[in-house]
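Enquirer: please find the sequence and the predicted model below.
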Amino acid sequence: MTRARIIFGSLLCSLGLTLALRAQQLSGWEIEALSDQGGVVYDFQHGIATATNGVLVRYGPAVLTADSVTVNQETGEVIADGKVRVQRDNQVWASEHIRYNFLTRQLEAQQFRTGMSPLFVAGEGLHGEITNRYYVATNAVVTTDDIEDPVYKLKARRVRILPGNTVEARDAVLYLGDVPVFYFPYYSRKIGPRMNHFNFLPGYRTSFGAYLLSSYHWYLNDELDTELHVDYRQRRGVGLGPDINYNYGKWGEGTFKFYYLHDEDPDNDARGANIPADRERIYFSYLAQPLTNLSIRSMVRQQGDTNIVRTFFEREYRENPQPSTYVEANKFWDNFSLDAYVQPRVNDFLETVERLPDVRLTGYQQQLGATPLYYGSESSVGYYRRLFAETNSMPTGIDYAAARADTYHQITLPYTFFSWLNVAPRVGGRFTYYSDASGPGATWDEESRGVFNTGAEVSFKASRIWPTVENRFFQVDGLRHILQPSFNYVYVPTPSATPNQLPQFDYVLPSLRLLPIDFPDYNAIDSIDSENVLRLGLRNKLQTKRDGKVANLLNWDLYTDWRLDPRSDQTRFADVYSDLVLWPWSWLRLESLTRCDPEDKQLRMAFESVTLQPNNVWSWSFAYFYLRDYYSATDPTAWGQGNDNFSSTIFYRFDDNWGFRLTHRYDIRESRLTEQAYSIYRDLRSWTAALTLRLREDQSGEDDVTVAFVFSIKAFPRFGVGGDASTPRMLWGG
């Protein structure tokens, strides 16, 4: 009989629990026991639930966990004890006893800890202000160090917390360890990744003397932030200026930078040019997409002298030594796009082709009705001025200008034979009009030019699979070989006007790679000449599976041009190019880019690199670059003086706290070590630090020595993971 009563009681409890859960779901509450020993008792009459031995309470975006709780579902108030955690959005609160209202967000606790990375707060007497939704605590500690005993902290008599927004402290003292170092009557800090902070980079450089590069990052709101630079260089003086970043959604985003320096030793940077003492640079970028098919972009890069960016912004200079200034608007539709481009010259010491403006209408490849023919076009009109660089107020060439209108149209007939052979014959024509040229260097009268072109592209792809091939040593799980030959024939008879009869605005530039041969990819409009050439290409791929994904073991491209009717300035065969990348193991990458002259059987260019990264302890990359001297009065792609050097970078991590990086560059021709850099990394738990020594020998033979110390709070990293490896100049402020 007793056993029957127990079973009957259990059934009633199960039924009551089911009804309770149903009631909770209907009201938006979720109360869940977190252990087999836990349980929930529900008072239907008063809407109160009690749970013990581990429980989770969820209402809307807020979640509470504790050992025991009492929940009033009508008022939204929860009283929780034992290992209490309250999370709403990205904010977490922790205490042994918390009274929290899910509806009003009012929260009270005697002792508490809270965190919204990268900021953490602990204190006493926490209570919430319902109307404005902020919390006030006394005797609080504020830090970005997420450990029990933080290395640095701010102790404050009173703290006000606006979740997801700001922490404000009054009567606050900054501590390093247990040592007080600074007093703040009032201190405010935004919560979240966009928090205001300082950056300092002390160091020494031969041409600067001792220096301190400092900046303050100030995030005004989600749309606007700024970084104010104040730099001191012992031999060069004080340099300062703001970087302003803005983001207004579809109405535009970009950056404005201004930097000014009164150089106390400008002759140190002369390099044969007149360098003023007052030096400045301006940088402005803008990108907007007000409509889904309309984009507007602009870039302004003004430099007060030839070397200010080279000397004080080395990383920026190496990325783009001859920056341009332009404004561009692009509107596109399904089959057409309209582009307006304006490019003025703002730096007299850089050669520039001004486009005032250049308007271009492009017709994408589109089918002509129900026919198998496809039509594409490109037409442009503009006014152009070729302005040569001025060195010490003396131009290096004679300027000229002219208007030009150009239109190009082409018909293509793509077809696939035998389900594998792709053939695409084409025929096209171009007409270009030039006005009378003006300017001191103008020698051309009004001119019209017609160009006819035809040709065909043939390609196919063949592959074979060996699914059973396996080799653990080379991490091979099956093999697939892909072979893709290609043939591209282009015929262009001699135009009605040759390049020497036309002003040159869009002309062939020196290049290490093979230029396009078909239109409109070949965009040196003013340098178009006769062509009768067959481009031969062969691509090989060898693939396998690694970690369940397709991976390339080998990717090899071979290509060259066979000039069937070479011009007087051409050889029968162009250089043979080989682009090879090997991944014998997932941790080893081998790359080889070579260029060989088949006429004299000499290597013209070679770039070979090896990258090893077998684990997270060490890595090594080695690169060799050879470029033969190439001077030519007839070949516009000739680059002049060559190069012959190698570079090496080794990284080794001793343990979780220590690591080092070695970088070397050696010039084989001159038998000298042109650059060497040594960096030691130290993880200081809350901070990271790097000490770098760089020795660089200039072409003049002078040594440039740099010693720099970079330290960064982990909460506000100076650069992202791996940033110092891809751009190591960050380590010394270049």
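Expert: Structure's in. What do you need?
Enquirer: any regions of the stretch 1-150 of the chain where pLDDT drops low?
Expert: 1-27, 116-118, 129-132, 146 (pLDDT under 70).
Enquirer: let's see 80
Expert: Residue ranges of the stretch 1-150 of the chain with pLDDT under 80: 1-28, 36-38, 44-47, 89-91, 115-119, 128-134, 144-150.
Enquirer: what about the helices in it?
Expert: With DSSP state H, counting those that start in this stretch, the ranges of helices along the stretch 1-150 of the chain come out as 2-27.
Enquirer: quick one, what contacts residue 293?
Expert: With contacts defined as CB atoms under 8 Å, 6 or more residues apart in numbering, residue 293 is in contact with 331-333. Every C-beta, even on glycine, is put in place using the N, C-alpha and C of the backbone.
Enquirer: what's the closest non-adjacent residue to residue 499?
Expert: residue 527 (4.9 Å; CB to CB, 6 or more residues apart in numbering).
Enquirer: quick check, the one you found in contact with residue 504.
Expert: Yes - if you go by CB atoms under 8 Å, residue 527 and residue 504 touch, sitting 6.8 Å apart.
Enquirer: in which helix or strand would I find residue 169?
Expert: strand 166-176 (DSSP states H and E).
Enquirer: what is that strand packed up against?
Expert: strand 134-143, strand 152-162, strand 179-190 (3 or more CB pairs under 8 Å, 6 or more residues apart in numbering; DSSP states H and E).
Enquirer: paired strands for that strand, with orientation please.
Expert: strand 152-162 (antiparallel), strand 179-190 (antiparallel) (DSSP bridges).
Enquirer: neighbouring contacts of the first one?
Expert: Where contact means CB under 8 Å, 6+ apart, the residues beyond strand 152-162 that reach it are 114, 121, 123, 133-143, 145, 167-177, 184, 187, 191, 686.
Enquirer: so how far is residue 434 from residue 316?
Expert: Distance of residue 316 to residue 434, computed by CB to CB, to the nearest Å: 37 Å.
Enquirer: okay, those two: which has more neighbours?
Expert: The neighbour comparison of residue 316 against residue 434 (other CB atoms under 10 Å) goes to residue 434, with 23 against 18.
Enquirer: for this protein, what spans make up the helices?
Expert: 2-27, 308-312, 314-319, 723-726 (DSSP state H).
Enquirer: now the shortest one: average pLDDT?
Expert: Per-region confidence: helix 723-726 scores 53 on mean pLDDT.
Enquirer: show me where pLDDT drops low in the stretch 151-300 of the chain?
Expert: In the stretch 151-300 of the chain, residues with pLDDT under 80: 151-152, 162-166, 176-177, 188-197, 268-274.
Enquirer: what is residue 384 paired to in the beta sheet?
Expert: residue 355, residue 402.
Enquirer: again with residue 331
Expert: residue 294, residue 338.
Enquirer: residues near it, how many?
Expert: Residue 331: 14 neighbours (other CB under 10 Å).
Enquirer: any idea how far it lies from residue 339?
Expert: For residue 331, the distance to residue 339 - CB to CB - is 8 Å.
Enquirer: quick revisit: looking at the contacts of residue 293, which is nearest residue 637?
Expert: residue 332 (31.8 Å; CB to CB).
Enquirer: contact partners for the closest one?
Expert: 293, 338.
Enquirer: give me that answer again for 6 Å
Expert: residue 293 (CB atoms under 6 Å, 6 or more residues apart in numbering).
Enquirer: tell me the pLDDT at it?
Expert: For residue 332, pLDDT reads 94.
Enquirer: repeat that for residue 714.
Expert: At residue 714, pLDDT is 66.
Enquirer: if we can go back for a sec, any chance of the helices and strands packed on strand 166-176 in JSON lines, with mean neighbour count too?
Expert: Shown next, in JSON lines, are these (neighbours: other CB atoms under 10 Å):
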{"stretch": "strand 134-143", "mean neighbour count": "20"}
{"stretch": "strand 152-162", "mean neighbour count": "20"}
{"stretch": "strand 179-190", "mean neighbour count": "12"}
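Enquirer: let's have these in CSV, adding distance to residue 531.
Expert: CSV is the format used below for the helices and strands packed on strand 166-176 (distance: least, CB to CB, whole Å):
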stretch, distance to residue 531
strand 134-143, 69
strand 152-162, 68
strand 179-190, 61
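Enquirer: what number of residues lie near the closest residue to residue 485 other than its chain neighbours?
Expert: Nearest in space to residue 485, with sequence neighbours left out and distances taken as CB to CB, 6+ apart, is residue 538 at 5.3 Å. A count of nearby residues for residue 538, using other CB under 10 Å, gives 13.
Enquirer: where's residue 538 relative to residue 601, distance?
Expert: From residue 538 to residue 601 the distance is 20 Å (CB to CB).
Enquirer: now swap in residue 274 and tell me
Expert: 47 Å.
Enquirer: what do you get for residue 509?
Expert: 27 Å.
Enquirer: ok, those two, which is more surrounded?
Expert: Neighbour totals were compared for residue 509 and residue 601, and residue 509 leads with 11 against 7 (other CB under 10 Å).
Enquirer: please name the residues that touch the more buried one.
Expert: Contacts for residue 509 were tallied using CB under 6 Å, 6+ apart; there are none.
Enquirer: now it: phi and psi?
Expert: phi -110, psi 160 (degrees, to the nearest 10).
Enquirer: for residue 543, list each beta-bridge partner.
Expert: residue 480, residue 552.
Enquirer: my read: it touches residue 479, true?
Expert: No - counting by CB atoms under 6 Å, residue 543 does not reach residue 479; the two are 7.3 Å apart.
Enquirer: without its sequence neighbours, what residue ends up closest to residue 237?
Expert: That would be residue 264: by CB to CB, 6+ apart, it lies 4.4 Å from residue 237.
Enquirer: just residue 506 next, same as before
Expert: residue 525 (4.5 Å).
Enquirer: quick check: the gap between that neighbour and residue 406.
Expert: For residue 525 relative to residue 406 (CB to CB), the value is 6 Å.
Enquirer: stretch 166-176: which residues count as buried?
Expert: Judged by neighbour count (16 or more other CB atoms under 10 Å), stretch 166-176 contains these buried residues: 166-169, 172-175.
Enquirer: cool, stretch 641-654 as well?
Expert: Under 16+ other CB under 10 Å, the buried positions of stretch 641-654 are 644-649, 651, 653.
Enquirer: tell me the confidence at residue 581?
Expert: For residue 581, the predicted pLDDT is 96.
Enquirer: now it, which residues is it bridged with?
Expert: residue 555, residue 591.
Enquirer: you'd agree it is up against residue 592?
Expert: No - with contact defined as CB under 6 Å, residue 581 does not reach residue 592; the gap is 7.8 Å.
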